[in-house]
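Student: all I have is the shape, not the residue letters:
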Ligand SMILES: NC(=O)C1=CN([C@@H]2O[C@H](COP(=O)(O)OP(=O)(O)OC[C@H]3O[C@@H](n4cnc5c(N)ncnc54)[C@H](O)[C@@H]3O)[C@@H](O)[C@H]2O)C=CC1
Ligand SMILES: O=C(O)C(=O)COP(=O)(O)O
């Protein structure tokens, strides 16, 4: 497989394909993007991707509904012993009393992890007449309240739930978080659904909890090892219902993730990073951030690089509603790529900045007014705004200018005096370089000023020297 894909610029995978260090190494630097056609990117070696300057994108929302529906399907079929009863009838038996189930209505469901899938599960469960509580240390309480779900602590969720549905990612913090200690805090007879990741449950502890009766039933779509070995005792347990990682497996979701990931990969190959709602809102500012950083590094350090950069974001949004990580990554890209051959992307930006001793500090200026626009301006020595959807330079040092940041710019520091505009224009004209605009930011005649010229072609070094 590695030989075949060494001829590719991008690779798109589902959870079943492990994109290991070996895969990145075999690409010999050609691979630019790995697209994960789904939510979780735990099957991609992110450190190896970073080191190889490869961007990793995912399609985080296209299978949300499918995963939530699968959790609800498992919840209902577990409560009514559908899988076990089906196998029994097919084996020629008729065991009506053995498969008496439990009702869902008015039971308490604890949704652990109140993100995209968890909140969709909560909405569906509410419609089934369940009392839904949620535990998520990072989700805003308002999100749960808005759909009539109470946010509770981990302990309260465990102790009051009749059903528990797991929807957190697998991270070092969530690995085996459902262990002996957690099971010991659960109500006796609790029923558990796991459509998240196998690793969040300690399998041996689950087995003990099933055998002791703390857990009456479990329904699992995901496993620590996929496919689980044939003799896996949890999988074979009569109180356990299993499916082979089918959460995202509906025709609609598969088509959805395919389209979304193709868009994200094409966008990334074109240098747009990714295509999601948040990103599209920030898109013009992403371009602005990178262009300002490119300009700043040239103005401030004269091409030798910078070590410490202060970025000021002016916005009417509360700092909590403005995620600047992507903007910061683009600033890093602008600062570093302008003065080196290092390829910076969303994945390796932090790593690359640290490696080069570049420290970026951020400052927020809270403006009055409508928070409809995520940002008003970004300042990194130079200041810029988005006007008509396009990045514009609005200030160089203390000089106000107003120029589009598309194409190439020549910035000259000067003492504002007659003939200068004409002289610069004729040097460029002699070279057949077309000047598409010129703007002078000045305080007064014969004072310091900044002249900005937009040019269609790149002037020769000699011409630039003459202008200098
Ligand atoms: N079985 C399947 O086919 C599918 C499985 N998934 C799994 O479902 C998971 C959730 O997906 P989404 O909802 O789209 O992700 P998401 O990122 O929208 O939500 C995850 C939520 O978990 C929360 N969380 C993190 N640490 C936590 C902790 N210690 N305790 C409680 N909550 C915690 C986060 O704050 C976040 O709100 C994914 O990580 C993925 O592993 C997703 C799609 C399909
Ligand atoms: O999106 C996810 O995280 C999933 O678990 C779905 O996995 P799949 O794309 O079906 O291999």
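Tutor: Perfect, I can see it now. Since we're looking at a predicted model, the values are computed, not measured. Ligands and ions are numbered 1, 2, ... in the order given.
Student: buried sites along the helix or strand hosting residue 364?
Tutor: Using DSSP states H and E, residue 364 falls within strand 359-366. Judged by neighbour count using 16 or more other Cβ atoms under 10 Å, the buried positions of strand 359-366 are residue 360. Yep, even glycine has a C-beta here, placed from its N, CA and C like the rest.
Student: what's in contact with that strand?
Tutor: Residues from elsewhere that reach strand 359-366 (Cβ atoms under 8 Å, 6 or more residues apart in numbering): 307-316, 318-319, 322, 324, 328, 331-332, 353.
Student: quick one: it to chain centroid distance?
Tutor: Centroid displacement of strand 359-366 relative to its chain, using Cα atoms, centre = their mean, to the nearest Å, is 21 Å.
Student: what about the contacts of strand 359-366, which are in strands?
Tutor: Using DSSP state E, the subset of these located in strands is 308-315.
Student: how about low-confidence regions in the chain?
Tutor: Low-confidence segments of the chain (pLDDT under 70): 1, 140, 271-281, 300-306, 340-343, 345-348, 441-447.
Student: contact residues of it facing ligand 1?
Tutor: Within reach of ligand 1 by Cβ under 6 Å from any ligand atom, the chain has these residues: 39-40, 60, 63-64, 67, 112-118, 135-139, 167-169, 173-174, 195-197, 221-222, 245, 247-248.
Student: narrow these to those in strands?
Tutor: Among the residues of the chain next to ligand 1, DSSP E puts 112, 135 in strands.
Student: can you give me the helices for the stretch 1-150 of the chain?
Tutor: 2-5, 21-26, 46-51, 64-79, 82-90, 116-127, 141-146 (DSSP state H, counting those that start in this stretch).
Student: export those to a markdown table and tack on mean neighbour count?
Tutor: Formatted as a markdown table, the helices of the stretch 1-150 of the chain follow (neighbours: other Cβ atoms under 10 Å):
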| stretch | mean neighbour count |
| --- | --- |
| helix 2-5 | 10 |
| helix 21-26 | 17 |
| helix 46-51 | 17 |
| helix 64-79 | 22 |
| helix 82-90 | 14 |
| helix 116-127 | 21 |
| helix 141-146 | 14 |
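Student: for those helices, which one sits closest to residue 439?
Tutor: Smallest distance to residue 439 across the helices of the stretch 1-150 of the chain (Cβ to Cβ): 40.0 Å, for helix 46-51.
Student: contacts only, for the residue of the stretch 151-300 of the chain found nearest ligand 2.
Tutor: When scored by Cβ to the nearest ligand atom, the stretch 151-300 of the chain has residue 248 as its residue closest to ligand 2, at 3.7 Å. Listed by Cβ under 8 Å, 6+ apart, the contact set of residue 248 reads 38-39, 63, 66-67, 254, 257.
Student: just the buried members of the ones in strands among the contacts of strand 359-366?
Tutor: Of the ones in strands among the contacts of strand 359-366, these count as buried by 16+ other Cβ under 10 Å: 309, 311, 313-315.
Student: what's across from residue 360 in the sheet?
Tutor: Judged by DSSP bridges, the bridge partners of residue 360 are residue 309.
Student: then residue 242?
Tutor: residue 220.
Student: isn't it right next to residue 226, touching?
Tutor: No: counting by Cβ atoms under 8 Å, residue 242 does not reach residue 226; the two are 11.2 Å apart.
Student: looking at these two, which one has more neighbours?
Tutor: residue 242 (21 against 13; other Cβ atoms under 10 Å).
Student: sorry, back to before: can you list the ones in strands among the contacts of strand 359-366 in CSV and add distance to residue 364?
Tutor: Below are the ones in strands among the contacts of strand 359-366 laid out as CSV (distance: Cβ to Cβ, whole Å):
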residue, distance to residue 364
308, 18
309, 15
310, 12
311, 10
312, 8
313, 5
314, 8
315, 7
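Student: closest residue of the stretch 351-468 of the chain to ligand 1?
Tutor: Taking Cβ to the nearest ligand atom, the stretch 351-468 of the chain has residue 374 as its residue nearest ligand 1, at 20.1 Å.
Student: and for residue 398, the neighbour number?
Tutor: Count around residue 398 with other Cβ under 10 Å applied: 9.
Student: for residue 381, see how far away it is.
Tutor: Going from residue 398 to residue 381 by Cβ to Cβ, to the nearest Å gives 11 Å.
Student: quick check: residue 190 vs residue 217, distance?
Tutor: For residue 190, the distance to residue 217 - Cβ to Cβ - is 9 Å.
Student: before we move on, what about residue 178?
Tutor: 15 Å.
Student: likewise residue 125?
Tutor: To residue 217, residue 125 is 17 Å away according to Cβ to Cβ.
Student: got it, and residue 117?
Tutor: From residue 117 over to residue 217 (counting by Cβ to Cβ), the distance is 21 Å.
Student: residue of the stretch 51-200 of the chain nearest ligand 1, please.
Tutor: For the stretch 51-200 of the chain, Cβ to the nearest ligand atom, closest residue to ligand 1: residue 115, 1.7 Å.
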